[in-house]
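Student: my questions concern the predicted model and sequence given below.
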There are 2 protein chains.
Amino acid sequence: MAESLAINGIDDSPRGRLLSAAAHLFRDKGFDRTTVRDIAASVGIQSGSIFHHFKTKEDILYAVMEEVIHFNTARLRDAVAAESSPQGQLRALIRAELQSIVGDTAEAMTVMVTEWRCLSEEKQRKALELRSIYEQLWLDALQALHEQGAFKTDPFIMRRLLTGMTGWAPNWFDRDGSLTLDNLADIMLARVVGENP
Amino acid sequence: MAESLAINGIDDSPRGRLLSAAAHLFRDKGFDRTTVRDIAASVGIQSGSIFHHFKTKEDILYAVMEEVIHFNTARLRDAVAAESSPQGQLRALIRAELQSIVGDTAEAMTVMVTEWRCLSEEKQRKALELRSIYEQLWLDALQALHEQGAFKTDPFIMRRLLTGMTGWAPNWFDRDGSLTLDNLADIMLARVVGENP
DNA sequence: CTTTACAGACCAAGCGCTTGCTTGGTAGCT
DNA sequence: AGCTACCAAGCAAGCGCTTGGTCTGTAAAG
């Protein structure tokens, strides 16, 4: 019954606590190496009791991803809405994504990146559909910047490069180090618009 | 007994064929979802016979990584040696890493990135030690460019950003598409030195 | 105000299957 | 004779999930 912090955007119902615990374990050990007995133990119930809340183990993984996509799409939308210039919007997007991925929803976001293929093809399609709104927000901002002439590379490719940069961050970024999240966001922004911090 | 192409740098001894097949399966399904029976079947032997060549399943994974690290470290060294300017060296490094990661050792490289945590801590340490030469080649080139004033960001951070960009490429880059590998390398190079293709 | 009904949350036990790996032996090449 | 490469059979452990039942809180029925 190890305590595990709740993830932003997930409530603390029995189901929600199960999701937070599962996300934590999935990140640390991977989906396949995490047993339903592990998850159950970390919230202090019997393994069989899990199936009162979820039909299958895979459903738990999908639910984690669904929650985190919804929460972070909303965050991304707010980030864009608060800025008027395309460059300001892009900076806000990078900040928001970094916040998601190394901050308050880190476990669930990392799980989404690394355990994607553990979903059945059908669930992958469903999750991809949810993701599409999220990705469109990026593409809109990048397209606008591109049309301004801020960079010449194809916006789709640029998004891929950014995805790689932010997605790798959990493997090295230290939240307690001297490099702040906003510093890093500005460094990444400069990779797009060509300024040079 | 599905045919699977050999990976560059791995010979075609029984052991080598096992390694290539394993790398292929590990990439497609992940280490945990690949059974020793899968690997055996793909080279046409019985599952038990695998353990004549490797002590454990984990040893197969480690051997895949070991081979690919050695092969690609040599390739990186050659790439650097063939160029004199720091910027030329960095371009060569990016090309070589992309070649590794989406080209002739793609399976094994992808496996190294995505299945890293399936290694025991001891084997992780050993593999990390092998990697250190590889990483030093990057840092030397980036350091030289940094001292030339080609970019202001900390070289260590810049390497992390590049690792993310190249490491994500297998998830979207299409070897048969109109964007060539060299095009992509130049685009990534521009993220560092601030030119703008 | 009590009784009955019922649903949500959980337990104790365990089933059936898959897994990594072992064992004892054989065929062929040198 | 001995080594490399393999087979056939199967074991022990661990896995996801099922089953039948208990407890507790809520709320309508008498």
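Tutor: Sure thing, it's come through. Quick caveat, the model's predicted, so the values are computed rather than measured.

Student: CA only for contacts and neighbour counts going forward, please
Tutor: Noted.

Student: spatially, what comes nearest to the spatially most central residue of chain A if we skip its sequence neighbours?
Tutor: In chain A, the centroid-proximal residue (CA atoms, centre = their mean) is residue A:109; its distance is 2.9 Å. Distances taken as CA to CA, 6 or more residues apart in numbering or on different chains place residue A:101 nearest to residue A:109, at 5.5 Å, with adjacent residues excluded.

Student: helices of chain A, residue ranges please.
Tutor: A:14-29, A:36-43, A:57-81, A:86-102, A:106-114, A:121-147, A:155-168, A:181-193 (DSSP state H).

Student: contacts only, for the nearest residue to residue A:5 once chain neighbours are set aside.
Tutor: Distance criterion CA to CA, 6+ apart; nearest residue to residue A:5, sequence neighbours excluded, is residue A:20 at 7.3 Å. Residues in contact with residue A:20, defined by CA atoms under 8 Å, 6 or more residues apart in numbering or on different chains, are A:4-7, A:10, A:64.

Student: please report how far residue A:20 lies from residue A:104.
Tutor: Distance from residue A:20 to residue A:104, counting by CA to CA, to the nearest Å: 12 Å.

Student: and for residue A:132?
Tutor: 22 Å.

Student: got any residues that touch both of residue A:20 and residue A:104?
Tutor: Contacts common to residue A:20 and residue A:104, judged by CA under 8 Å, 6+ apart, are residue A:7.

Student: ok so, going back, can I get the contacts of residue A:20 in CSV with distance to DNA strand D, pLDDT and neighbour count?
Tutor: Formatted as CSV, those follow (distance: CA to the nearest atom of the strand, whole Å; pLDDT from 0 to 100; neighbours: other CA atoms under 10 Å in any protein chain shown):
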residue, distance to DNA strand D, pLDDT, neighbour count
A:4, 19, 57, 15
A:5, 22, 70, 11
A:6, 22, 80, 20
A:7, 22, 87, 24
A:10, 21, 88, 18
A:64, 15, 97, 25
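
Student: close to DNA strand C: what parts of chain A are there?
Tutor: Residues of chain A lying near DNA strand C by CA under 7 Å from any atom of the strand: A:13-14, A:44-49, A:52-53.

Student: where does pLDDT dip in chain A?
Tutor: By pLDDT under 70, the low-scoring segments of chain A are A:1-4, A:196-197.

Student: quick one on the thing from earlier: of the contacts of residue A:20, which is the nearest to chain B?
Tutor: Nearest to chain B, judged by CA to the nearest CA, of the contacts of residue A:20 is residue A:64 at 20.0 Å.

Student: give me every residue that touches the closest one.
Tutor: Residue A:64 makes contact with A:19-20, A:23, A:108 under the criterion CA under 8 Å, 6+ apart.

Student: list buried residues within the residues you listed.
Tutor: The neighbour count (16 or more other CA atoms under 10 Å in any protein chain shown) marks A:19-20, A:23, A:108 as buried among the contacts of residue A:64.

Student: roughly how far apart are residue A:179 and residue B:174?
Tutor: Residue A:179 is 35 Å from residue B:174, where distance means CA to CA.

Student: can you check residue A:42 too?
Tutor: 42 Å.

Student: now do residue A:177
Tutor: Counting by CA to CA, the gap from residue A:177 to residue B:174 is 37 Å.

Student: of those two, which one has the most company?
Tutor: Of the pair residue A:177 and residue B:174, residue B:174 is the one with more neighbours under other CA atoms under 10 Å in any protein chain shown, namely 13 against 8.

Student: what residues are up against the more buried one?
Tutor: Applying CA under 8 Å, 6+ apart, no residues contact residue B:174.

Student: now do it against DNA strand C, distance only.
Tutor: 30 Å (CA to the nearest atom of the strand, to the nearest Å).

Student: and what of residue A:91?
Tutor: Residue A:91 is 41 Å from DNA strand C, by CA to the nearest atom of the strand.

Student: grab the nearest non-local neighbour of that residue.
Tutor: Once flanking residues are discounted, residue A:91 sits nearest to residue A:189: 6.2 Å by CA to CA, 6+ apart.

Student: quick one on the thing from earlier: give me every residue that touches the residue nearest to the centre of chain A.
Tutor: Going by CA under 8 Å, 6+ apart, residue A:109 touches A:65, A:68, A:100-101.

Student: name the nearest of these relative to chain B.
Tutor: residue A:101 (13.5 Å).

Student: is it true that that closest one touches residue A:171?
Tutor: No - contact between residue A:101 and residue A:171 fails when scored by CA atoms under 8 Å: they sit 10.5 Å apart.

Student: so these two - more neighbours on which side?
Tutor: More neighbours surround residue A:101 than the other of residue A:101 and residue A:171, with 24 against 11 (other CA under 10 Å).

Student: burial measure for the closest residue to residue A:130 other than its chain neighbours, as a count.
Tutor: Nearest residue to residue A:130, sequence neighbours excluded (CA to CA, 6+ apart): residue A:69, at 6.9 Å. For residue A:69, the tally of surrounding residues (other CA under 10 Å) stands at 23.

Student: wait, residue A:69 sits on residue A:131?
Tutor: Yes - using CA under 8 Å, residue A:69 is in contact with residue A:131, at 6.6 Å.

Student: quick one on the thing from earlier: can you list the residues of chain A next to DNA strand C in TSV and add neighbour count and distance to residue A:76?
Tutor: TSV is the format used below for these (neighbours: other CA atoms under 10 Å in any protein chain shown; distance: CA to CA, whole Å):
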residue	neighbour count	distance to residue A:76
A:13	9	25
A:14	11	28
A:44	13	35
A:45	14	35
A:46	14	38
A:47	14	36
A:48	10	37
A:49	12	36
A:52	9	33
A:53	13	30
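
Student: may I see those organised as JSON lines, with distance to DNA strand D added?
Tutor: Listed next are the residues of chain A next to DNA strand C as JSON lines, based on distance: CA to the nearest atom of the strand, whole Å:
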{"residue": "A:13", "distance to DNA strand D": "15"}
{"residue": "A:14", "distance to DNA strand D": "14"}
{"residue": "A:44", "distance to DNA strand D": "15"}
{"residue": "A:45", "distance to DNA strand D": "12"}
{"residue": "A:46", "distance to DNA strand D": "8"}
{"residue": "A:47", "distance to DNA strand D": "5"}
{"residue": "A:48", "distance to DNA strand D": "3"}
{"residue": "A:49", "distance to DNA strand D": "6"}
{"residue": "A:52", "distance to DNA strand D": "8"}
{"residue": "A:53", "distance to DNA strand D": "10"}
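
Student: sweet, I'm off.
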